[in-house]
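J.: A structural model of the following input is requested.
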Amino acid sequence: MKNKQRFRTWSSLAIVLVLMLMASACSGGNNNTTNTSEPTNDSSSTNAATNNGSDNTPATTDNTASSGGTVEITVWDQPNPDDTMKSIKEEVYADFETANPNIKVKHELMPQGTNDREVFVTAMAGGNGPDAYHSAHFPIIADWVGQGLALDLSPYWDSYADKDKFIPSSMEAGTIDGKVYGIPHDMYVTGLFWNKKMFEEAGLDRDTPPANWDQLVEFGKKLTDTGKKQYGITLLGMEWADWWFEYYVWQAGGDLTHVNADGTVQLAFTEEPSVTALQFYKDLKWVHKIVQNNVLQSYQDNMNDIFQGRAAMSNAASGGFGDYVAQGMDLNDVGFAPYPVGPGGKGPGQIGGAYWIINPKTSKEKQDAAWQYITYINSKEVAEKYLQFQQDNGIFPNLLSVRSDVDPSQFAKDISPELVAAVNKAASDTHLEYFLKERLTPYVVKAVQKALTDEKSDPKQLLQEAQDAAQKEVIDAFNAAVKK
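T.: Have a look, this model is predicted:
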């Protein structure tokens, strides 16, 4: 999909999206995290940045000094009491204010709510959003730009000395219609995890993961032992089922949605790659019998199966190796590689993460101060300070950095070059999550769950039913609004 197309589409739908989101956001709860996968401000312009009340003049070296006073900005980045990085974050915050005496940063915890996305959008719609925010996730930043929730940072970016220090894949989702709206806060890439010890015990080469779907099944059967309550590979069948399922669609050579040249969206649930992927997903459960018994178990239960040696293979992310270590696993027994390729001949990893964005409705003075704060937090100096703290305190780092001049592996004890190379290899072929994922998730999940729980179900029929419902309830209105 093209970012330009996505941007035009979301700009046309801003009013509709506000109403939809406000209706869904009234349920309350909170998930204050920055890890993956996903929903105001009214904007009728095709470029949200032209409707933000700011001339977007870049900040000077000391943009607050000329006013002779102190600028206060609110940022939702106060660490939780149990945050292992709390002390070093507070130290960095204090260093920033020492270096920038004219900027006062008010660090706040995110308000309570159902999840971080709903809380943020609801706050912005009510005029209570922060001046800077670090959790504009990859799948939804285009959505937020179209709704007028993110400032066009291009004038700042163009004069930013470090703009060439961010790896290209980290900028892809945040660059829309040639304009920069987000500065990468963190990122990850997904790939295949395998337990090398379990491979060896099953008579497989501990250093060789399955290269394709056939080998995935072959290896999975050798690794499945009901007597030991162990199985070949985890599936995700709970309410996030489309998250992992979409990887199989990519491996089959397709995607779940297409964005047309005019900005409208075409569903691809019933296209051959999607049907092939769901049939294979179903067969892993009912034909090959190499997955967990409870295919609807929680994500955490999947992780527990990995930690406790019940699952030999699973999905994994570059930022998750510390969890394995914390659960007593030996990293020498942890394998990571790009996904096995399917009929499409590829096995791309999902690239995800979050961006820093600036409130387009706040004052120009606050926007300048927010930019200064964000670039400080994202500096090489701060990144390496955090990594050094993690090394000193036995905290395993994310091995994928958004900055090309920061190497996390240099701050990780006993990390094998093989694991670092595997992460970088997975990051060389990546895919963004399917367009309109947040709105289409319930339809895809219903089909996946039915396939996994009903042996007699027909994947093609399930996907047809899902597509018909999604077309009627989401896409028709979406496309009609785009065409106006």
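J.: what does stretch 194-201 contact?
T.: Contact partners of stretch 194-201, identified using CB atoms under 8 Å, 6 or more residues apart in numbering, comprise 205-209, 219, 223, 230, 306, 309, 311-313, 330, 332-337. Every residue, glycine included, has its C-beta placed from N, CA and C.
J.: Out of those, which end up buried?
T.: For the contacts of stretch 194-201, a burial check counting by 16 or more other CB atoms under 10 Å picks out 206, 209, 219, 223, 230, 306, 309, 311-313, 333-337.
J.: sorry, back to before: mind listing which of the contacts of stretch 194-201 are in helices?
T.: If you go by DSSP state H, those have 219, 223, 306 in helices.
J.: Can you report how many residues lie near the residue nearest to the last one when sequence neighbours are not counted?
T.: What it means is residue 306. Once flanking residues are discounted, residue 306 sits nearest to residue 314: 5.4 Å by CB to CB, 6 or more residues apart in numbering. Neighbour count for residue 314, taken as other CB atoms under 10 Å: 20.
J.: do residue 402 as well
T.: Each residue near residue 402 was counted by other CB under 10 Å, and the total is 21.
J.: Now it: phi and psi?
T.: Per-residue torsions, residue 402: phi -70, psi -20 (degrees, to the nearest 10).
J.: about what we covered before: tell me the one of the buried ones among the contacts of stretch 194-201 nearest residue 140?
T.: For the buried ones among the contacts of stretch 194-201, the minimum distance to residue 140 (CB to CB) is 26.6 Å, reached by residue 336.
J.: That closest one and residue 420 touch, don't they?
T.: No - Residue 336 lies out of contact with residue 420 (CB atoms under 8 Å); the separation is 9.7 Å.
J.: didn't residue 349 look like it was pressed against residue 423?
T.: No - Residue 349 lies out of contact with residue 423 (CB under 8 Å); the separation is 9.4 Å.
J.: Looking at those two, which one has more neighbours?
T.: Using other CB under 10 Å, the more surrounded residue of residue 349 and residue 423 is residue 349, with 27 against 24.
J.: What residues does the residue nearest to residue 317 when sequence neighbours are not counted make contact with?
T.: Among residues not flanking residue 317 along the chain, residue 188 sits closest, at 4.5 Å (CB to CB, 6+ apart). The contact partners of residue 188, by CB under 8 Å, 6+ apart, come to 35, 36, 317, 318, 319, 320, 351, 352, 353, 398, 400.
J.: For these, name the two members farthest from one another.
T.: Longest span within these, CB to CB: 320 and 351, 14.7 Å.
J.: which one of these two has more residues nearby?
T.: Using other CB under 10 Å, the more surrounded residue of residue 320 and residue 351 is residue 351, with 24 against 19.
J.: Make sure I have this right: the more buried one is in a strand.
T.: Yes - if the criterion is DSSP: H, G, I helix; E, B strand; the rest coil, then residue 351 is within a strand.
J.: That one and residue 276: what is the separation?
T.: As for residue 351, its distance to residue 276 is 23 Å (criterion: CB to CB, to the nearest Å).
J.: can you give me the helices for the stretch 1-150 of the chain?
T.: 3-12, 14-24, 86-99, 116-125, 141-146 (DSSP state H, counting those that start in this stretch).
J.: Show me what the mean pLDDT comes to for the longest one.
T.: Per-residue pLDDT values over helix 86-99 give a mean of 97.
J.: Could you pull up the residues touching the closest residue to residue 298 other than its chain neighbours?
T.: Closest residue to residue 298 apart from its sequence neighbours, by CB to CB, 6+ apart: residue 238 at 5.8 Å. Shown in contact with residue 238 (CB under 8 Å, 6+ apart): 296, 297, 298, 299.
J.: Surely residue 238 is within a helix?
T.: No - using three-state DSSP, the assignment for residue 238 is coil, not a helix.
J.: Report the buried residues of stretch 86-99.
T.: Here stretch 86-99 shows 88, 89, 92, 93, 96 as buried, counting by 16+ other CB under 10 Å.
J.: Show residues contacting it.
T.: 77, 79-80, 83, 103-105, 107, 373, 376-377, 382, 385-386, 389.
J.: For PyMOL, write the select line for the buried members of the residues you listed.
T.: To isolate the buried subset of those in PyMOL, counting by 16+ other CB under 10 Å, use the following:
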select buried, resi 77+79+103+105+373+376+377+382+386+389
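J.: Sort out which of the contacts of stretch 86-99 are in strands and list them.
T.: Counting by DSSP state E, the part of the contacts of stretch 86-99 found in strands is 103, 104, 105, 107.
J.: Would you mind confirming that the first one makes contact with residue 75?
T.: No - in this structure, residue 103 is not within contact of residue 75 by CB under 8 Å, at 10.8 Å.
J.: shared neighbours of those two, which are they?
T.: Counting by CB under 8 Å, 6+ apart, the residues touching both residue 103 and residue 75 are residue 373.
J.: In strands only, show me the contacts of stretch 194-201.
T.: Here DSSP E is the test, and these give 311, 312, 313, 334, 335, 336, 337 as lying in strands.
J.: Which of the buried residues of stretch 86-99 sits closest to residue 138?
T.: Distances from residue 138 to those, taken by CB to CB, are shortest for residue 89, at 22.7 Å.
J.: distance of that closest one from residue 465?
T.: Relative to residue 465, residue 89 is positioned 48 Å away (CB to CB).
J.: Can you tell me, leaving aside adjacent residues, what's nearest to residue 474?
T.: Residue 474's closest residue in space is residue 439 (CB to CB, 6+ apart), at 5.3 Å.
J.: Is the one you found in a helix, a strand, or coil?
T.: Residue 439 - assigned by three-state DSSP - is helix.
J.: check contacts around residue 131.
T.: By CB under 8 Å, 6+ apart, residue 131 lies in contact with 73, 74, 75, 358, 359, 362, 366, 367, 369, 370.
J.: In CSV, list these along with neighbour count.
T.: Shown next, in CSV, are the contacts of residue 131 (neighbours: other CB atoms under 10 Å):
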residue, neighbour count
73, 24
74, 20
75, 20
358, 28
359, 24
362, 22
366, 21
367, 28
369, 27
370, 29
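J.: and which of those residues is nearest residue 184?
T.: Using CB to CB, residue 358 comes nearest to residue 184 of the contacts of residue 131, at 14.1 Å.
J.: for the buried residues of stretch 86-99, which one is nearest residue 470?
T.: Residue 470 lies nearest to residue 89 out of those, by CB to CB, at 41.2 Å.
J.: Against residue 406, how distant is that closest one?
T.: 17 Å.
J.: One more: residue 355?
T.: 17 Å.
J.: ok, those two, which is more surrounded?
T.: residue 355 (29 against 18).
J.: Leaving out sequence neighbours, find the closest residue to the more buried one.
T.: Excluding its sequence neighbours, the residue lying closest to residue 355 (CB to CB, 6+ apart) is residue 182, at 2.8 Å.
J.: Now do that neighbour against residue 145, distance only.
T.: Taking CB to CB, one finds residue 182 at 9 Å from residue 145.
J.: swap in residue 372?
T.: Taken as CB to CB, the span from residue 372 to residue 145 is 22 Å.
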